[in-house]
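> need the 3D shape of this:
(one chain, ligands or ions: 1)
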Amino acid sequence: MYEVCKLSDETACIHLEMVFKSFLLVACLLVSATKASPFYLTQQYVEEFEHGLDELKQLSKTYEYHQADFLPENYSEKQTETDTEEFDFIVIGSGDSGAVIASRLSEIPEWKVLVLEAGVAETKFTQVPAVQTHLETTPYDWWHTTVSQNKSCLGMEENKCAIHAGKSLGGNSATNDMLYTRGNHKDYDIWADLGLDGWCWNDVLPYFKKIEDAHMHDLDRKYHNLGGPLHLEHFQHESGIAQNIFDGGHELGIKTVDYNGEHQLGLGIPQAITKKGRRNSVSEAYLIPADKRKNLVVRPLSQVVKIVISPHTKEAYAVKYIHDGHLYVVKAAKEIILAAGAINTPQLLLLSEVQELDPRKTWNISRSPPVADLKVGHNLKDHIAFVGLNFVFNETAKEVHEGEDSVVDYLKNAKGPLTTAGAEVLGFLKTEISKDKSDYPDVELLITMDLYNKGSRRRCTTPSGPRWKARPASPSPWCCCTPSPPESSPCTTKTPSTTPLINPNYLEDEENHDVDTLLAGIHKALKLAHTESLQKLGIHLNHNQVPGCEHEDVDAYWKCAIRHLSVSLRGVSGTARMGRETDKAAVVDHQLRVHGVHKLRVADASVIPVSISGHLTAPTIMIGEKAADLIKEHWK
Ligand SMILES: Cc1cc2nc3c(=O)[nH]c(=O)nc-3n(C[C@H](O)[C@H](O)[C@H](O)COP(=O)(O)OP(=O)(O)OC[C@H]3O[C@@H](n4cnc5c(N)ncnc54)[C@H](O)[C@@H]3O)c2cc1C
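This next block holds a predicted model:
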């Protein structure tokens, strides 16, 4: 599958799916010669493992999400069990940023650190990279959707797109596609241009390097590092078409690059956040190594419902959370760090509009005046992807692992199709319509083989079926980014047990620049497919048309298809954006402190002020690392 992603404020994303027959065999090869193989894995273990994977896949097909299962409506009536517990720091959320901050702060033995996480721990099955899309319809996801969109998501039920968000120790890093991308140098220089000291490329590069334990050949060590917590490698399985794609790129003058190095523009082999073929979430990389520290307490299945802020001193001093149906209150002596992700963080800020610590009032927020008047939830940015472009190619492509059992290969050799979520090549490209004079991409092309992505395959190859549901039969939202009008807002309802209302207004810019950029990306992908190097594989467009878009004019067809089949690429950011105090849209300052509130920081994808030209895990981990240093510096 190719994915052309719209990047930054004027970019888009496209998926081109490539199906070839040999891949269809793989599913049938899962169990085979374990008896014959001369290694110590017992056949029983292999069978159990395979069974576990099947159960997870089954769960993803049958699971129905009910808010009430997690938060009984009347929990506010329950007695507060404790208000005496106190930590120095309370970190809300254990995702890409929260886990990093908690781990780093707990390096100071005198500081007591508590992490409250609504989700559960990973398992050896969820850590199998190939099950990634299955996780999106299990309890490992928050099951957010947009409200009905006017000009996008038209192929989805009720015109709603799914907005996936991981709910687990490790947050999204426990459920995401494991792609490691930093974005463009210029992205961060734009942040600095907004007056955000300490966030230009030269400031953040050391943090990106600090994160990395990069085990890939030929990397320029000026940009990469060995020995950091996060293990990076290439996916341990590829179909054999990457070289054809690079050769095709060369025919078009597109370079092969390390897109996390000096030059981002070009095509490159995906850098993956995996370790020996297994997902390497921030829980694995940061929390588990810190597990033995007595000063670090991690509480899964603990959903925060409110940050308590004194209306008099404007100081955040406690957190209310639900665990096992009971309401708890815990105090923070030094700071509370909110890292619940770009949807849940603004929701919690809105729910915390602040009153005295009084369990009887809980979250009846409408009674008290807000502690600060901030634009929480505004400025939502996302990456939006077109997923309706797929290619078929013929049997000349390399056969994959015939005669090998994938489970055995995974367990014994850390290789094989289970070690990848499917991405073969990533490209950051500049289309003909870009007005930027620098080497700044406006689309991303993500080329994936749709081995295990059944949902996506269904979506892309049989568009004549019924409308796709945003959930649970979700067309899994791979993809990209679009600017949202400033009014767009993930407004939240006033109880934590109801899902936030998310209105990203995808593809609603007046000049249709987003649609045009996606279209330009489609043309780039089509050109690549027509190169000699790819034609050798017999690649041709799958001509299934999106119903309702049939049109003689080719571009008119694509534009209609874009509005039907563009989905969130899970790149939500900006909902509690960083900015100076004079910046009316800003929620936090350059040190991530909430404007007008003391002892409360936000440190996650919400603070990203201007969209990044890439996926957001690495930038968010960087934010976590930097936040930890800022906090340490403040309290040293
Ligand atoms: C399906 C998917 C695939 C993606 N693929 C990629 C990829 O391949 N590469 C990439 O770079 N980016 C990818 N992204 C984006 C990237 O993972 C996120 O942007 C990034 O993880 C955001 O980090 P965060 O710290 O802001 O939030 P998260 O990592 O989402 O962490 C927030 C945590 O807070 C917890 N939480 C939320 N509310 C509460 C509450 N009230 N109480 C307690 N805990 C709470 C959540 O359960 C979660 O664990 C993907 C995203 C998704 C959803």
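> report the helix or strand with the lowest average pLDDT across the chain.
Counting by mean pLDDT, DSSP states H and E, the weakest-scoring helix or strand in the chain turns out to be helix 21-26, with a mean of 27.
> what's the spacing between the helix or strand just after that helix and its chain's center?
As assigned by DSSP states H and E, the chain's next helix or strand after helix 21-26 is helix 43-62. From the chain centre to the centre of helix 43-62 is a distance of 25 Å (CA atoms, centre = their mean, to the nearest Å).
> packing partners of helix 43-62?
If contacts are counted by 3 or more CB pairs under 8 Å, 6 or more residues apart in numbering; DSSP states H and E, helix 43-62 sits against helix 132-135, helix 406-408. Heads up, the C-betas are built off the backbone N, CA and C, glycines and all.
> would you turn the ones you listed into a markdown table with mean pLDDT and mean neighbour count?
Below are these laid out as a markdown table (pLDDT from 0 to 100; neighbours: other CB atoms under 10 Å):
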| stretch | mean pLDDT | mean neighbour count |
| --- | --- | --- |
| helix 132-135 | 91 | 24 |
| helix 406-408 | 92 | 25 |
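> tabulate those helices (CSV), appending distance to the ligand.
Supplementary listing: the helices and strands packed on helix 43-62 in CSV, determined by distance: least, CB to the nearest ligand atom, whole Å:
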stretch, distance to the ligand
helix 132-135, 7
helix 406-408, 21
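> which of these sits closest to residue 377?
When these are compared by CB to CB, helix 132-135 sits nearest residue 377, at 25.9 Å.
> after that closest one, next one along is what?
Following helix 132-135 toward the C-terminus (DSSP H and E): strand 144-145.
> what is the neighbour count of the closest residue to the ligand within the chain?
The ligand sits closest to residue 95 of the chain, with a gap of 1.8 Å, by CB to the nearest ligand atom. Neighbours of residue 95 under the rule other CB atoms under 10 Å: 34.
> try residue 527
Neighbour number of residue 527 under other CB under 10 Å is 14.
> surely it meets residue 252?
Yes. Counting by CB atoms under 8 Å, residue 527 sits close enough to residue 252 to count as a contact (6.1 Å).
> returning to what we had before: which strand or helix spans the residue of the chain closest to the ligand?
Here residue 95 is assigned to no helix or strand, by DSSP H and E.
> and it, what's its pLDDT?
Looking at residue 95, its pLDDT reads 98.
> pull the contacting residues for it.
166, 170-173, 282, 339-341, 604, 620 (CB atoms under 8 Å, 6 or more residues apart in numbering).
> tell me the buried residues in stretch 52-68?
Buried residues in stretch 52-68, counted by 16 or more other CB atoms under 10 Å: 52-53, 56-57, 59-60, 63, 65.
> ok now it, how far from the chain's centre?
Its chain's C-alpha centre and that of stretch 52-68 lie 20 Å apart, by CA atoms, centre = their mean.
> and it, what's its mean pLDDT?
Regarding stretch 52-68, the rounded mean pLDDT is 87.
> is that stretch in proximity to the ligand?
No. Using CB under 6 Å from any ligand atom, stretch 52-68 stays clear of the ligand, with a minimum separation of 12.5 Å.
> low-confidence ranges in the stretch 301-450 of the chain?
The model of the stretch 301-450 of the chain has pLDDT under 70 over residues 353-372, 394-404, 450.
> any idea how far residue 159 lies from residue 342?
22 Å (CB to CB, to the nearest Å).
> identify the residues contacting the residue lying closest to residue 127 once chain neighbours are set aside.
Distance criterion CB to CB, 6 or more residues apart in numbering; nearest residue to residue 127, sequence neighbours excluded, is residue 279 at 4.3 Å. With contact set as CB under 8 Å, 6+ apart, residue 279 has these partners: 122, 126-129, 173-174, 178, 273.
> identify the bridge partners of residue 279.
Per DSSP bridges, residues listed as beta-bridge partners of residue 279: residue 274.
> what is the burial count for residue 106?
Around residue 106 there are 27 residues (other CB under 10 Å).
> surely it meets residue 289?
No. Applying CB under 8 Å as the test, residue 106 and residue 289 come out as separate, 10.6 Å apart.
> surely residue 293 touches residue 106?
Yes. Counting by CB under 8 Å, residue 293 touches residue 106, with 4.9 Å between them.
> show me the common contact partners of the two, please.
Contacts common to residue 293 and residue 106, judged by CB under 8 Å, 6+ apart, are absent.
> close to the ligand: what parts of the stretch 301-450 of the chain are there?
303-304, 339-342, 344, 348.
> try it again at 8 Å.
302-305, 321, 339-342, 344-345, 347-348, 421, 423 (CB under 8 Å from any ligand atom).
> ok, and the most crowded of these?
Counting neighbours by other CB under 10 Å, residue 339 leads these with 33 neighbours.
> that one: what's its closest spatial neighbour, skipping adjacent residues?
That would be residue 98: by CB to CB, 6+ apart, it lies 3.4 Å from residue 339.
> which residues sit in contact with the one you found?
So residue 98 contacts 91-92, 115, 117, 171, 337, 339-340, 603-604, 624 (CB under 8 Å, 6+ apart).
> narrow the residues you listed to those in strands?
Using DSSP state E, the subset of the contacts of residue 98 located in strands is 91-92, 115, 337.
> same list, those, but as a markdown table with neighbour count please.
Formatted as a markdown table, the ones in strands among the contacts of residue 98 follow (neighbours: other CB atoms under 10 Å):
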| residue | neighbour count |
| --- | --- |
| 91 | 35 |
| 92 | 26 |
| 115 | 29 |
| 337 | 30 |
